[in-house]
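> structure here, sequence nowhere to be found:
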C-alpha cells in the first residue's frame, strides 16, 4: 500500500561516517522536525564484506536508534553497488560494452541479468529482510534498488537473451525481421537467429534502438524480481517505491532515457523521484515542476521526493530562503515527502563535493537551521499541504522510443548523439514544458498507453517513433474534440524507427490538413504571418504545405527567398502543426493561441511569479505563489481566500508583494 | 574499353526497399530521361545470406526489369561490405588497429589482404558474374568494390606482409633501413626483419607513413585482383571503373589520403568519382571542379560521376535551380555521366538522412521534377556537352606521401594531426586551387610521374616529401621554361620523410636563388614590398633570404620588427617561391603575377561568375557560364558565339544577365 | 660529489645522425666555447640491438673524440627507452593501465618495477659502465635515467607490490584501512589484503591518490637502485644527477605531479632540470625562475640546467638576443650549467620539429652564433656568475599530495581533472609565484619536511592535503613570528584526502581567527573593504567569518547581495587568510600588504624589468637586470656598484636604459 505519512528527512549512511555519531545526528534530525531516514542501498560490502560472512550489526544499530528517536525508515535493497569479491568470483557480473569489460569500482556497471549476480543479490537481500523483521513497525517502506541502470550491458549472455526475445517477437520469421529492420543495408542481413550479430558494432539504428528498449525492459523485470522477494517479507502496511531519476545535463532535465519508468513503476506502490537542479540566480523551479509531473505520471498519483539537494555541488550552495522555496515547490507539485541527499557530507571517495545538509564539520549550519524552520512549518500544516491532488487540462506525451529515435537520427542528419545535445528529444520537450511552466499552465505527462480523455490540450513533442496504435490513439483524441499540438519530427517512423514510406506526418495528413516531403536546417530564417513570431526557426524546417483540398490554414510561414512558400504553423480544426523548433517567446505565442482556442484561461501572473494549485486531503483548494527572483514581485489575488500562514482573509484583486525567493500559500481559492 | 554513352541515372537498391516497387521506380526514371542504374555493391549478405547458400533472384529481377525498361546497368562487386557469418567464421577478416579488433557492423573494416576474405569474396563474385551473363547487353560496365579502404588494418598477418616488403625493398640490409628511418631514436632500432616491431605503437613518423603508403598499395593490388576476375567474364564492350572519393571535411574536399588513386586507376578503363558538397548559400562549385579535375587526372581522360547528391543531408536540401547548376557543372568539367546517390531515401539503418532523389514517401517531388527537366535537356544535347575534351595551361602537383608527411609533422610541430586541420595538406592545396577557380583559371592535377611538358605553370603545394627523382623532374620543368610556384614546406624531406640535411629547399636553391634554415609560426605578421599583399602570413614563415650570389629578387617581405629581413615571396627566373601561407586575396595576387609573367590571359569574369570550357565530340568549343549566387550577375561575351539553348548568335562584348543560380552555354567561343 | 665546473654544452646523439660527423660537430662546439656533452640516455637498442649482442663502438668513439676535443661528458644510463626485443620477450615490461597494455614504441611506458626489465637494464648498464672506465677523466658525471616516469603502471604485478605496501602501512589492520579510505562507499569495502581490488577502476579518490603517491615512490626507489649500480663504478670526483622536469602545459609550468622530486633527488649529488618555455613576445622569464627555484629546492643548493631550448618548437624560434637573455636568466637563478636539447635537429621519427642549436642543415646559424658570443662571455666570467649562492626571505610550500588532491577533487566539484585546468594546483601556485616574480621578490620553494626557520614569509598555495604533522609545522612557523599566507583549499583533508571533520581550516582556526563551513563557485563577485582589490573572485569562495572571540580582522569582503557577509581576506597576527582565487593585480595587492607587514622591501622595478641577485664564489654580490620586453626600459641603480661588462662604476640613483630583451650585470650591489 502507498504511504499516508508526510515524510521529511534524508538519506543516512552510518557506514560512511568517520566515526559513529548516530545519537547526535538523530537528535539533530528530530530537532529539525524530520521524521524519516532512507538507508541501506549500496551497502552490500558492509553487510557481506567477504562472501558468505554476514554482519548486519550497523544496520540493526541504525534501526534500533531510529526506533529510539521515533524516526521512520525506508530500507533500500543493497543491490545497486556490489562487493569486489563478487566480480572477482565471476567477472561476467561486470557489464561488457563495445569498450570492453568494465573494471570494478563504479556503481551500476552490473549486468543485472547475470545469474551469479542474481543468486548472491537474492541471498544478501533475504538475509537482510529476515534480520530486520523486528523493526517492521518503524520500517514504513522499501526502495527497490536505486536509480537502476542496465549499465549498457552488451556481453554475450545478455545478448543471447535479446536474440531469443527477438526470435519470439517475430515468431521465428527471420525474413520479416530482416525486412522490418532493413538489415540488407551494408550486408548486415542476419543469417540465423543463432548467429545474431554482436549488437556492439551495429550501424543499424533500428537494431540499436531495439536493444536499448530491451535494456529498459530488463530493468522493469529486475524490479519485478526484487518486488517478488520483498513481498515474501513485508507487512501489508509497508510500501514499495523506487528512486526514479531523470536525464542529466549537469542536473535533472527531462525523461530518463535508460528506464521505462511507467513500466518499472508497476512494481511500486508509490513512485519516488530524485530531483537536482541549479540554484542561486539560476533557480527557476522548472525542474522541480518537471520532475514532479513525471513523478505523478508514473502511478497517476502522488509521489515521494526521495532525494533532492540540500547543499549539493559547490555551485548550488543555496541563497537564504531558497531551500524553503524549493521544498514547498515539491509539495505544491503533489509530493508526499521532501527528503535530502543526504544528511552529512562525505569525507572520502567520490561524492565528497556533493554536500548534504550538514557540511563536513557535521555541525548545524545555515541550511540546517533553514530546514528546521521549514520542518516546523510543515509539521503543523502537513494535512493542509502534503499529498495534494493535482489535475490539469493540458498534457504532454512522453515516449522513450522517440527519444532514442532522435538520438539515433539527429535533426542535422549527422552521427548519432552521444549524450546531451541542443536539439535532442528532451530539449525539444522542455521548450514546450517550460513555456507552459512560465505561463503558469500546470501540465501532466502522459504515455501512449494512458487514457487521454480528461485533457483539453495534448502537446506532442518530437514523437519520432509512433506505432500505428499510437497514431490511432492521437486520432481518437482529436476526433473527440481534443486540441493537439504536433511538433517537428512527429510520426515520422514506426516503433522500430523504420521511416514510414508514405506522406508525413504518417496517418495524420487528413487531420493536419498538410504534408511535407522535404526539410532542411534553417540558417537565420524568421517568420511572417498572423502569429506574432519574433524569433528564428531552429533545428529543422519541415516544408509543410496545406493539402490542396480540405487543407489547413497557415498561421505563420517562413521569411526566406525560397522557403517562404512553406508553412511554419498551420491549423486545421483542433490540430495545430508546428514545422520547426521555436524559441521561448514563439513557443509561448503558439501555446497561448492554442489555449485560447481550447477555452483554457491563461493566468495573468507569469514567471518569475509561479502559481501552483492542488486540492488537499481536507478537500480544500490550495494555491502556492512563488517568487523565483532576486527582486520583490507583485501578485494580484484572483479569488477571495485565506492566507495559510497568517490566517487572514484575502480579497480578490488585492495586490500582494512577495519578497525575493519568497512565497505565499492560500486556502480556498 | 571506356564507355561512350552519356549516362544519367542513380544508384538503386531494391534490397533496401520496404517493399519491391521496381516497375514504378523504373518508369519514373525513364520519365525523367534517365538511362542507367548502378547496383549490387554492398549486397553480399543478400546474395549469400548464409555461407554457401546463394540467391541472386533479386539481382536477376532487377536486371530483367532494367532490360524491360531499357536501362543500362553498372554492376558493382559485392565486396565492400560483408556478411556477419564471414567474420564469425574468421574474426581476422575484421581489421585490427591500435584500438583493437573492429566489431562487425560497419563497412570497410575488412582486412582486404585476408585470405579467407579473398576466398569467399572471389566465390560470391564469380557466382554473380556467371549468373548475370545473360544480361551482358545491358550491363555496360563493372565497378570494382566501392570507395575501397584498407580499414587501417594493422593485424599481425598484414604487418607480416609489410615487413616482408620492407625487407625486399632494402634487399635485406637492416642497417640501411634503420639508418634511413632513424630507428635509433628512443631505442626503436629494429633487431631483425623477423622481429619487426608492431607498427601500431610506433612513434616513428617515417615508419608510420611508410605503413600508410603500404596500405595504399594494398588497395591498388586489391583492385588489380578484382579486375583479373572480372576480365575472365566481361565482354570487350564492358568497361571497368571504380568509385573514387575524396578527403572529407563534412563534404568532398581534397585528395583522398588513403588511396593512391592514379595507381589504383590502372585497373580501370575509366575513372569514376563521387562528389558531395554544401548547397544553398554555400554552393560554390569549387568541389565539383576540384573533384572533376582529380577525376580527369587519374586516366588523363574523361571520367564518370558515379555518385553525387540529390537531396543528401538535411542542410543540403537544394534551392530551386541548384540541382541543374550542379549537374551542368559536372558536365562542364568533362564528366560523361551524372549519377545520383541514390534513387530513393532509405527507411532504416544508417544513412536514413542522406536522402536520394525521392524522399521517404517515394513520390515524385521537386528534386525529381527539376532533374527530369535537366534529363530532357541533356538527352537532346548529350553530343554537344558530354565527355568534353579539357586542356589547361596550369597544373597543380598532388602527392600522397606529402599529405601523410604534413599529417605526421604538422606545421606547428605539435603531435600528428588526427583528421582535418586548418593547415593540413589539402587545406594548403585548396588555397591555390580555389584561387585559380575563382579567377576562372581552369587547372589540371598532375602527379610526379606524369609528363609535365604541356603546362606553362606548375603550382607545387606543400610537396613535403620529394624524392631526388621528383626534384629532378621539377628542375627539368623549370629548365624547359616552365613557371613554377613553390609553396611552404616543399622539398623538405625525402620519400621516407627523412628531412634533407642540406640547404632548403633541397636540391633547388640554385633555382629558387634563396634558402632558409629557420622558420616559425607567425603571430599577426603582415607584408611589405611590391606585391599588393593585404593580409597576414598564416601557418608558417620560412626565413627565406636570397643567396648572396645569383640570388632571387624579393617581391614581398614581412612587416615585423625581427622577421622583416626575410622574404615572403621571391622570384628567380620562372621560379616563384612563397615562404608562408597566404590568404585568399594574397594567393590570388601572387597567382596573377605569375600568370601574367607566363603570358596566360586572366579572364575578366570571376567568382561568383564561373566560366568553364571544353571541346565537344563534334570538335566545337563549348563555354559554360554559371552564376553561383543568390543575386543576378552580369557577364560580357568574349567571342562571337551561339547560345546553345536559344540558338541565337551572340556578339563579342554583349552583356548578358544570369539569373540567380542560373547558367548559359555557348558554342564556338 | 657535486660538480664545480661551470658547464656549457648540449645533448649529443651521434646515433641519430644521418651520417657521423663528430669531428665537425665537436669543433663547432669548441668554437662556441662549449665544454660538455650529455650522451647515452635512450640508446639501449644501439648498444644492444639484439639480446645479448653488445656494441658500444659508437659510444666509445664519442668518448674518444670528446677526449680529443677536451669536452666533458655526462653519461646517461640507457634505461629510459628500451629495445623492442625486450617487450617481445616479456610483454609485462610494458605498462598496463585502464586502457590496457601499452603498445611498444613510446618511451617511458615501462613498468620500472618489472623484474625482467631490471635484469636486462642492469646488464646493459653494467656493461656500459665497465667499458667506459678508460674515459673516467673526461666523464664528470652520470645522469640517472631521464625524466623518469612510472608510465602509470597498473598491471597485476605492480599492484601486488602496492597492496603489500598498504598492508605493511596499516600493519595488517584492514578495518583501519577501510575506515581511513572510506571504502564502504558504494560497496567498495576491501574484503582482504589478498583480494585488494584492481585500482584501475576505483572511484575512490583517496585510493587513487595513494596509488599515485606509490608510483612516485617507485621512481625514487628506481633512482636509488640505479645509483647503487653506478656507485660500484664511479670515481669520487664523478657526480650523479638526474634530469628533473615539470608539469607541462605545452611548456614547463609547475611542480611535476608524477615524481616526488625532493625524495628522488636523494640519489643525486646535484639536481638537474630541463626547462622549456615560450619565447618571442611571450618570453617572460617566469618559467626559468620557477624551474630554477625548484632546482634549488631539491638539494638546497645549486643545480644544473641539463636541457633547455635552443630553437625548440616552431613557435619558439627566438628573437635576436633572447637566447642570451634566457641563458643569463638561468645563471642568475643559481644554475651551474646551461645545456641545450640538443646540438642538432633530428631528421626522422618524432621530435623532428623540436629543433636543436643547429637546424636540419647542420650548419652554423643565428642561434649558434649568438650562443657562441654568450659562450665566450661566460668563459671569461664563469667564476663571477656561475653557481651563485641564492637566499630569500619568502618561500612557497609545495606538496604533491595536495596537487593530486585538487586533481581528484576539483574546485567545481566535478569529475577529476584530466590534465591541465585553469584552477588546478599548479595554476593556483603560479598565481602567487608569478606575483612575486613580477614584483621582483625572489622566492624559494620548500617542502613540508624542510626547515622553515630562515623565512620571513611563507606562502601556502592550495595545501589541500595536510597531515597533522604538516599542520604542526605551519603552526610552529607562525608561532615563531613567521608571516603566513593561507590560500583557498588549504588544510581541508589529511594525507589520504580524507576531509577533516571539524572546523576548517583544520587545526588552524585559532591562528586564522576565522572559519567557514560552506563555499561556492563565484559568478561575477567583486570585493569591498580596505584592500584595493579591483578584480573578481575566481574558482571558489570559502564563506569565511571571523570567530566571535579573538577573531581575525576582515581586510576585504565580497560585493554580493548574499555573500557580502563573508570575508575574502582576513588577518590575525601574522596569518593572512585568503578565501578565493585572486587575479594577478589583486594577488599582488595582498602580497604587497603582507610583505610590508613582514618588513620586506619591495623593489621599485617590476616586470618587464626583472632583477635577480646572488652571491658569487668570490663572495661578491651580483645583480642581474633583465628587460623582458620589445621596448627599451629604464632602471634606476639602487646601490653604488660596478658594471661587469664595462667595468664602469655606477652610482646609486643613476638611470640606465636596457635595450629590448637586453640585460645588465652589476657587481657589489
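Yep, it's here. Predicted, not measured: the structure shown is a model, and the values here were computed from it. Numbers count the residues shown, from 1 in each chain, chains lettered A, B, ... in the order given.
> figure out the helix or strand that residue A:642 lives in.
For residue A:642, the element it lies in under DSSP states H and E is strand A:641-643.
> how far off centre is the helix or strand following that strand?
Next helix or strand after strand A:641-643 toward the C-terminus (DSSP H and E): strand A:649-650. Computed by Cα atoms, centre = their mean, to the nearest Å, the chain-centroid distance of strand A:649-650 equals 37 Å.
> check stretch A:612-626 too.
How far stretch A:612-626 lies from its chain's middle: 23 Å, per Cα atoms, centre = their mean.
> do the same with stretch A:8-21
Centre to centre, stretch against its chain (Cα atoms, centre = their mean), the figure for stretch A:8-21 is 27 Å.
> is that stretch anywhere near chain C?
Yes. Using Cβ under 8 Å from any Cβ of the partner chain, a contact is recorded between stretch A:8-21 and chain C, made by A:13, A:15-16, A:18. Every C-beta, even on glycine, is put in place using the N, C-alpha and C of the backbone.
> for these, which one is nearest chain B?
residue A:16 (37.7 Å; Cβ to the nearest Cβ).
> thought the closest one was touching residue A:343?
No. Judged on Cβ atoms under 8 Å, residue A:16 makes no contact with residue A:343 at a distance of 10.0 Å.
> more neighbours, the two?
Shown here are residue A:16 and residue A:343; by other Cβ atoms under 10 Å in any protein chain shown, residue A:343 has more neighbours (26 against 23).
> on that earlier part again, the strand holding residue A:642: partners in the sheet, and parallel or antiparallel?
Paired strands of strand A:641-643, with direction, are strand A:649-650 (antiparallel), strand A:663-667 (antiparallel) (DSSP bridges).
> point out the residues in the stretch 301-450 of chain A that sit beside chain C.
A:311, A:313-317, A:319-320, A:345-354, A:359-363, A:365-367.
> let's see 7 Å
By Cβ under 7 Å from any Cβ of the partner chain, the residues of the stretch 301-450 of chain A that approach chain C are A:311, A:313-315, A:317, A:319-320, A:346-350, A:352-354, A:359-363, A:365-366.
> drop anything exposed from these.
Buried by 16 or more other Cβ atoms under 10 Å in any protein chain shown: A:311, A:313-315, A:317, A:319, A:346-350, A:352-354, A:359-362, A:365-366, out of those.
> just the ones of these in helices?
Counting by DSSP state H, those place residue A:366 in helices.
> confidence score at residue A:419?
pLDDT, residue A:419: 59.
> where do the helices sit along the stretch 551-669 of chain A?
A:584-597 (DSSP state H, counting those that start in this stretch).
> ranges for the strands of it?
Applying DSSP state E, counting those that start in this stretch to the stretch 551-669 of chain A gives strands spanning A:553-559, A:567-572, A:575-578, A:580-581, A:609-615, A:621-627, A:633-636, A:641-643, A:649-650, A:655-658, A:663-667.
> so what's residue A:163 closest to, chain neighbours aside?
Distances taken as Cβ to Cβ, 6 or more residues apart in numbering or on different chains put residue A:196 closest to residue A:163, at 3.8 Å, once the chain neighbours are dropped.
> how many neighbours does that neighbour have?
20.
> element containing residue A:336?
Element membership for residue A:336, per DSSP H and E: strand A:335-340.
> ok, that strand: who's next to it in the sheet?
strand A:7-11 (parallel), strand A:303-308 (parallel).
> the last one: which residues count as buried?
Neighbour-count burial for strand A:303-308, counted by 16+ other Cβ under 10 Å, picks out A:303-308.
> hey, which helix is longest across chain A?
helix A:205-231.
> so what secondary structure elements neighbour that helix?
Where contact means 3 or more Cβ pairs under 7 Å, 6 or more residues apart in numbering or on different chains; DSSP states H and E, helix A:205-231 is packed against helix A:115-131, helix A:156-169, helix A:261-264, helix A:400-408.
> need the contact list for the closest residue to residue A:147 other than its chain neighbours.
Excluding its sequence neighbours, the residue lying closest to residue A:147 (Cβ to Cβ, 6+ apart) is residue A:245, at 4.7 Å. Residue A:245 makes contacts with A:147, A:252, A:256, A:274, as judged by Cβ atoms under 7 Å, 6 or more residues apart in numbering or on different chains.
> now with 8 Å?
A:147, A:252, A:256, A:273-274 (Cβ atoms under 8 Å, 6 or more residues apart in numbering or on different chains).
> just the ones of those residues in strands?
Those of those mapping onto strands are A:252, A:273-274, per DSSP state E.
> one step back: can I get the strands paired with strand A:335-340 in CSV including mean pLDDT?
Formatted as CSV, the strands paired with strand A:335-340 follow (pLDDT from 0 to 100):
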stretch, mean pLDDT
strand A:7-11, 98
strand A:303-308, 98
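> in the stretch 51-200 of chain A, which residue sits closest to chain C?
residue A:103 (2.7 Å).
> for the stretch 251-400 of chain A, same thing?
For the stretch 251-400 of chain A, Cβ to the nearest Cβ, closest residue to chain C: residue A:348, 2.6 Å.
> wait, that residue sits on residue C:497?
Yes. Residue A:348 is within contact range of residue C:497, at 7.1 Å (criterion: Cβ under 8 Å).
> what's the overlap in contacts for the two?
When contacts are counted by Cβ under 8 Å, 6+ apart, residue A:348 and residue C:497 are jointly contacted by C:205-206.
> tell me the phi and psi of residue A:574?
Reported as degrees, to the nearest 10, the phi and psi values for residue A:574 are phi -100, psi 10.
> same question, residue A:54
phi -100, psi 140.
> show me what from the stretch 101-250 of chain A comes close to chain B.
Counting by Cβ under 8 Å from any Cβ, the stretch 101-250 of chain A sits next to chain B at A:179, A:181-192, A:195, A:197-198, A:200-206.
> okay, now residue A:249: neighbour count?
By other Cβ under 10 Å, neighbour count at residue A:249 equals 15.
> report pLDDT for it.
We have a pLDDT of 94 for residue A:249.
> could you do residue A:318 as well?
98.
> ok, it - how many residues close by?
24.
> strands of the stretch 301-450 of chain A, residue ranges please.
Using DSSP E, counting those that start in this stretch, the strands of the stretch 301-450 of chain A run over A:303-308, A:335-340, A:394-397, A:443-446.
> point out the most buried one among these.
Comparing these by mean neighbour count (mean count of other Cβ atoms under 10 Å in any protein chain shown), strand A:303-308 comes out on top with a mean of 28.
> any idea how far that strand is from the chain center?
Strand A:303-308 sits 12 Å away from the centroid of its parent chain (Cα atoms, centre = their mean).
> likewise stretch A:379-388?
The answer for stretch A:379-388 is 24 Å, by Cα atoms, centre = their mean.
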